[in-house]
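Peer 1: structure of the sequence below:
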Amino acid sequence: MFVDSPPEQRAVTTAAPPERRAMRTVGLLASLGILALVALASIAIGAKELSLEQVWHGLFDDTGTYGDVVVGERLSRTVLGLLAGAALGLSGALLQALTRNPLADPGLLGINAGASAAVVTAITFLGVTSLSGYVWFAFLGAAVVGALVWFLGGSRGATPVRLALAGTAITAALYGYLQAVMITDGAALGKMRFWTVGSLASATDSTITQVLPFFGVGLVLALFLARPLNAVAMGDDTARALGANLGRTRALSMAAATVLCGAATAACGPIVFVGLMVPHLVRSFTGPDLRWILPYATILSPVLLLGADVVGRLVARPAELQVGIVTAVLGGPVFILLVRRRRTTQL
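Peer 2: As a prediction, the model looks like this:
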């Protein structure tokens, strides 16, 4: 599963010049500002337009008016988008660092599809209907598919192309299974449509409360792994010389990615390409240091997800286009661009 990186990507700078650290810090603060603006747009924009005064009233002086109720519903949707976006971006960054594979992504490697297929199976054949029940099936499906992709991709001899092909093949098979289940069970079609596309429309405070602990554990674990993964990026021999525990780092990284991706999929359904696009964008101005990539991905991934959700509401008003469709439309051309780049093909 581990392939060599180019020499220029092996060296992770441990002490960046003060000017570059200052620029990264300023960029991080600017990213927080952008996130705040996108979150505000997510609350204000929808089938019913709300003014800033109405948004403020609904957030801080809720009196139960129609506008306040709309703000409350959109607030839950926005918070879930923040959590799910951060989870998907972090899991993508972890998988790319762990596999030294620029094409690694929970959606591309089939992890999202595995979680979705497990949830649909639980709903259809086991009668599981609550989020607290099927979130465990999402974790199980994500873990099983992750292990299967690793095995089919060649385990330790895997290459980016083999992993991408294995993930694509498994994803196609799982979505074929999902379509077959929907065709044979018309009564469950409405519920399962959510799990084949990905949406924030059903977000509630209860949903957020149930998945928040998983997001918290995954976030802390992912940020804790930044230094060990920096060592792993230099190659196994160098990482051992630096005192990194390779087995523990790999196991914890896969566990963190599974928890984050499983929780996001359980709450929102499968949303692809967020974990692929954002880490690449971040890496272009942070460099390969995961101590900066992971915080940036945590902030900018929700910007992409919430932005796509707002676009989906605008293009199909008064209905909406699910966010999973919008991210797939945006992510397809980006993926094609990545696989055509010379540096990508050389990894």
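Peer 1: scan the protein for its longest helix.
Peer 2: Scanning the chain for the helix with the most residues, using DSSP state H, yields helix 66-99.
Peer 1: now do the helix or strand following that helix against helix 66-99, angle only.
Peer 2: Going down the chain from helix 66-99, the next helix or strand is helix 111-125, by DSSP states H and E. Angle of helix 111-125 versus helix 66-99, following axes from the mean of the first three to the mean of the last three C-alpha atoms, to 10 degrees, is 120 degrees.
Peer 1: in helix 111-125, which residues are buried?
Peer 2: By neighbour count on 16 or more other C-beta atoms under 10 Å, the buried set for helix 111-125 is 111-124. All C-beta atoms are positioned from the backbone trio N, CA, C, and that covers glycine.
Peer 1: same question for stretch 63-79.
Peer 2: Gly67, Asp68, Val70, Val71, Gly72, Glu73, Arg74, Leu75, Ser76, Arg77, Thr78, Val79.
Peer 1: please apply the same query to stretch 80-87.
Peer 2: The neighbour-count check on stretch 80-87 (16+ other C-beta under 10 Å) flags Leu80, Gly81, Leu82, Leu83, Ala84, Gly85, Ala86, Ala87 as buried.
Peer 1: tell me, what residue is most central in the chain?
Peer 2: Centre of the chain computed as the mean C-alpha position; nearest residue by C-alpha atoms, centre = their mean is Leu88, 1.2 Å away.
Peer 1: one step back: let's have the buried residues of stretch 63-79 in a markdown table, adding pLDDT.
Peer 2: As requested, the buried residues of stretch 63-79 are exported to a markdown table (pLDDT from 0 to 100):
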| residue | pLDDT |
| --- | --- |
| Gly67 | 82 |
| Asp68 | 85 |
| Val70 | 88 |
| Val71 | 89 |
| Gly72 | 88 |
| Glu73 | 89 |
| Arg74 | 91 |
| Leu75 | 92 |
| Ser76 | 92 |
| Arg77 | 93 |
| Thr78 | 95 |
| Val79 | 95 |
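Peer 1: pick the one among those closest to Ala147.
Peer 2: Using C-beta to C-beta, Val79 comes nearest to Ala147 of those, at 31.8 Å.
Peer 1: next structured bit after the lowest-mean-pLDDT helix or strand in the chain?
Peer 2: In the chain, no helix or strand scores lower on mean pLDDT, DSSP states H and E than helix 7-10, which sits at a mean of 41. Per DSSP H and E, the first helix or strand lying C-terminal to helix 7-10 is helix 18-44.
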